[in-house]
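Student: whatever this is, show me its structure:
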Amino acid sequence: MCSAADVVAAIGLQLAELYPERITPQTPEGRRELRQFAQIANWRAALNVLSVEVLVVESASQHLIDAGPLDEMDHERLILAAHRVADARAVLDGR
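Tutor: Below is the predicted model of the structure:
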């Protein structure tokens, strides 16, 4: 059995060539900017979660008005929505 390095060498490459070069900022400003981009991405993801989960809560409340109590599956989904909202809040709070 051949090793991965042997297989890659057979086509004239090295293992390191299969992976992109790691780009890391060299300056404090560059690292700060990278952290800000990551924070903004986390905020966007949290807001996307909130936009979905608010629809779940709205749907559950409409069901309560129209049809009465939630069944077990809907109740569990509403609990999941509450957890996801709490997680999104933690992201937005910077925790």
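
Student: which parts of this structure are strands?
Tutor: Counting by DSSP state E, the chain has no strands to list.

Student: wait, residue 50 sits on residue 87?
Tutor: No. Using C-beta atoms under 8 Å, residue 50 makes no contact with residue 87, being 10.0 Å away. Quick note: C-beta positions are derived from backbone N, CA and C, even for glycine.

Student: ok, these two, which is more surrounded?
Tutor: Using other C-beta atoms under 10 Å as the criterion, residue 50 and residue 87 rank with residue 50 on top: 18 against 15.

Student: relative to residue 8, how far out is that one?
Tutor: In this structure, residue 50 and residue 8 are 45 Å apart, going by C-beta to C-beta, to the nearest Å.

Student: what mean pLDDT does the longest helix along the chain get?
Tutor: For the chain, the longest helix by residue count, based on DSSP state H, is helix 28-67. The average pLDDT for helix 28-67 rounds to 95.

Student: which strands or helices does that helix pack on?
Tutor: helix 72-93 (3 or more C-beta pairs under 8 Å, 6 or more residues apart in numbering; DSSP states H and E).

Student: quick one: buried residues of the helix it packs on?
Tutor: 77-78, 81, 84-85, 88, 91 (16 or more other C-beta atoms under 10 Å).

Student: would you turn those into JSON lines with distance to residue 37?
Tutor: JSON lines is the format used below for the buried residues of helix 72-93 (distance: C-beta to C-beta, whole Å):
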{"residue": "77", "distance to residue 37": "33"}
{"residue": "78", "distance to residue 37": "34"}
{"residue": "81", "distance to residue 37": "28"}
{"residue": "84", "distance to residue 37": "23"}
{"residue": "85", "distance to residue 37": "25"}
{"residue": "88", "distance to residue 37": "19"}
{"residue": "91", "distance to residue 37": "15"}
